[in-house]
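Asker: Structure for the following, please:
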Amino acid sequence: MSSYTVLLVEDSDFLTTHVSDTLQTVHGFDVETVATAPEARSALEETGYDCLISSYELLEESGLDLAASINGDATPGMPDIPFILFTGNPLEPLVEDALEAGVTAFVSKSNHATGEMNVFANRIRLAIEAHR
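Answerer: Down below sits the predicted model:
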């Protein structure tokens with residue numbers, strides 16, 4: 001079991017509950033959740049996380065905007081952590097922009113946010129371990 005701490009940024013209450021509960025109970029992650037990019041940036045300033053998972057579509061800005069704002073030199077004081085984009089959109093059109101924004105990995109909501117989410121959990125672990 002993992003003891004990694006992840007921050008999930010998702011504005012759907014249903015997905016937030018399903019993903020966080022499954023990652024915690026089945027895979028042993030510590031999961032904290034927020035619904036917006038500004039809340040995510042505040043949480044990152046206050047708490048150490050091993051990984052950030054963000055929905056592509058958020059209320060106030062996209063997950064790509066969030067990734068770009070915390071990676072590199074965009075915002076001083078932001079941690080250098082893996083960023084996983086969690087999306088229901090087709091991945092191919094997003095890849096180039098996502099990689100430029102600092103996205104580490106991608107997870108499809110339609111394929112990997114069901115059941116026990118083994119692929120999702122594995123992507124999180126691999127992203128964290130590769131980043132260390």
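
Asker: My read is that residue 37 contacts residue 10, right?
Answerer: No - Residue 37 lies out of contact with residue 10 (CB atoms under 8 Å); the separation is 11.3 Å. (Glycine included, C-beta is placed from N, CA and C.)

Asker: any shared contact partners between these two?
Answerer: Here residue 37 and residue 10 have residue 54 as joint contacts, going by CB atoms under 8 Å, 6 or more residues apart in numbering.

Asker: Low-confidence ranges, the protein, go.
Answerer: 1-2, 72-77, 111-114 (pLDDT under 70).

Asker: give me that answer again for 50
Answerer: 1 (pLDDT under 50).

Asker: Could you pull out the helices in it for me?
Answerer: Here the chain has its helices, by DSSP state H, at 13-25, 37-46, 63-70, 95-101, 109-112, 118-131.

Asker: Point out the most buried one among those helices.
Answerer: Of all the helices of the chain, helix 63-70 carries the top mean neighbour count, a mean of 22, counting by mean count of other CB atoms under 10 Å.

Asker: quick one, that one and helix 37-46 angle?
Answerer: Relative orientation of helix 63-70 versus helix 37-46 (axes from the mean of the first three to the mean of the last three CA atoms, to 10 degrees): 30 degrees.

Asker: List the contacts of helix 63-70.
Answerer: 9, 37, 40-41, 44, 52, 54-58, 74-75, 78-79, 83, 85-87, 94, 97-98, 100-103.

Asker: swap the cut-off to 6 Å and go again
Answerer: 37, 54-56, 74-75, 78, 83, 85, 97-98, 101-103 (CB atoms under 6 Å, 6 or more residues apart in numbering).
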